[in-house]
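Colleague: here is a sequence with its predicted model. Questions after.
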Amino acid sequence: MMKEDPAARLGEELKRRGWTIAVAESCTAGGLGKRITDVPGASSYFLGGIIAYHNSVKERFLAVPSSTVSRFGAVSEETAKAMASGCREAFEGDIAIAITGIAGPDGGTADKPVGLVYISIAGEGGVACERFRFDGDRSAVRRSAVEAALNMALLHLERTCP
């Protein structure tokens, strides 16, 4: 038996609650927004997204303080949380998901290796963030990050409003 698509399940849960969602993406470059909108009827709950690849976009459009990026880096829990909060505020949505990471093949360091991804969710109950380390090439890291974000959003909905 085929497992139900997490994007479809997320859509069902958002519709059931009458909630909206927005996304802020860095390393996934729109992949999360695409997965959410692949589901027919997504326009009833998906507000939009910001692809904040460059730090200046994170700062300008998501209100991430430049001091946060300077101190902790673009790939950090602090930046991911600020991205999610800024996205939620910018779109005035019920929840927002932010993804920032290093998809590779370049850009990794000993402290922040390729495959390191932070995913954050902002909602009425506050802001949560998880750190992941995904294996594989650039495409695999991006796919894994998108799937993890969808599953995190589902868990968030179950915990905050069953």
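Modeller: Received, thanks.
Colleague: so which residues make contact with stretch 54-71?
Modeller: 24, 26, 50-52, 74, 76, 78-79, 82-83, 85-87, 89-90, 98 (C-beta atoms under 8 Å, 6 or more residues apart in numbering). (C-beta placed from N, C-alpha, C; glycine too.)
Colleague: pull the CA atoms of it into PDB?
Modeller: Taking C-alpha atoms only, stretch 54-71 is exported to PDB below (Å, rounded to 0.1, in the frame of the first residue of the first chain):
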ATOM      1  CA  HIS A  54      21.300  35.700  -0.600                       C
ATOM      2  CA  ASN A  55      21.800  37.100   3.000                       C
ATOM      3  CA  SER A  56      20.600  40.500   1.900                       C
ATOM      4  CA  VAL A  57      17.200  39.000   0.900                       C
ATOM      5  CA  LYS A  58      17.000  37.300   4.300                       C
ATOM      6  CA  GLU A  59      17.600  40.600   5.900                       C
ATOM      7  CA  ARG A  60      15.400  42.800   3.700                       C
ATOM      8  CA  PHE A  61      12.400  40.600   3.000                       C
ATOM      9  CA  LEU A  62      12.300  38.400   6.100                       C
ATOM     10  CA  ALA A  63      13.600  40.900   8.700                       C
ATOM     11  CA  VAL A  64      16.500  38.700   9.700                       C
ATOM     12  CA  PRO A  65      18.800  41.000  11.700                       C
ATOM     13  CA  SER A  66      22.200  41.400  10.000                       C
ATOM     14  CA  SER A  67      23.700  40.800  13.400                       C
ATOM     15  CA  THR A  68      22.200  37.300  13.500                       C
ATOM     16  CA  VAL A  69      23.700  36.400  10.100                       C
ATOM     17  CA  SER A  70      27.000  37.900  11.100                       C
ATOM     18  CA  ARG A  71      27.200  36.200  14.500                       C
END
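Colleague: now the helices for this structure?
Modeller: 6-17, 31-37, 55-62, 66-72, 77-91, 138-160 (DSSP state H).
Colleague: residue closest to the middle of the chain?
Modeller: Nearest residue to the geometric centre of the chain (C-alpha atoms, centre = their mean): Ala98, 2.8 Å.
Colleague: for that residue, give its distance to Val127.
Modeller: For Ala98, the distance to Val127 (C-beta to C-beta, to the nearest Å) stands at 9 Å.
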